[in-house]
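Engineer: Sequence plus predicted model, see below.
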Amino acid sequence: MDKVLQDLRRGEDSSLLLKVACDILRVLTIMGGSAWMSELEQTLLEFWSLDEGHPYDLGSLQGEVEKALELLRGRNLLTVRRGVRGDLETNLQREENLYSICDFTSLLRVFGSDGKILKYRMMA
């Protein structure tokens, strides 16, 4: 799994899709390996707002999230499960996808000391 993660990371500057996939992996690193879709989307927006060095607008980045999640699932890096999640704001339950990394240890080895993650942790 380390090699697949390293290959993705090496290619992230060549494609918007790979950049978004790597940013999803960074967010999963920050969040301990799992995130509900709503948390993932919110944290990606926060993450991208701190990353001023990329040439993409937020709409373009958001438009690639679903494709990037499918790419990561296709490479056997992520699992997804539909589950019921409580919403504290409305006191209701709702169905949502929970995304989990298959090998958190490998993720930490490849992305754990990533500069973008360290910047996010310092700023957030």
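Structural biologist: Received the coordinates, thanks.

Engineer: could you pull out the helices for the protein?
Structural biologist: When assigned using DSSP state H, the helices of the chain occupy the ranges 2-11, 16-30, 37-50, 58-63, 65-74, 104-111, 115-123.

Engineer: Pick the most buried one from those.
Structural biologist: Among the helices of the chain, helix 16-30 has the highest mean neighbour count (mean count of other Cβ atoms under 10 Å), at a mean of 22. The C-beta positions use only the backbone N, C-alpha and C, and glycine is treated the same way.

Engineer: so how far is it from its chain's centroid?
Structural biologist: Here helix 16-30 shows a centroid-to-chain-centroid distance of 4 Å under the convention Cα atoms, centre = their mean, to the nearest Å.

Engineer: residues making contact with it?
Structural biologist: Judged by Cβ atoms under 8 Å, 6 or more residues apart in numbering, the contacts made with helix 16-30 from elsewhere in the structure are 5, 8-9, 11-13, 34-35, 40, 43-44, 47-48, 54, 56, 60-61, 64-65, 67-69, 71-72, 77-78, 99-101, 107-108, 110-112, 114, 116-117, 120-121.

Engineer: and it with helix 37-50, angle?
Structural biologist: Orientation of helix 16-30 against helix 37-50 (axes from the mean of the first three to the mean of the last three Cα atoms, to 10 degrees) gives an angle of 110 degrees.

Engineer: Can you list the low-confidence ranges for the chain?
Structural biologist: For the chain, applying pLDDT under 70 flags the ranges 53-55, 124.
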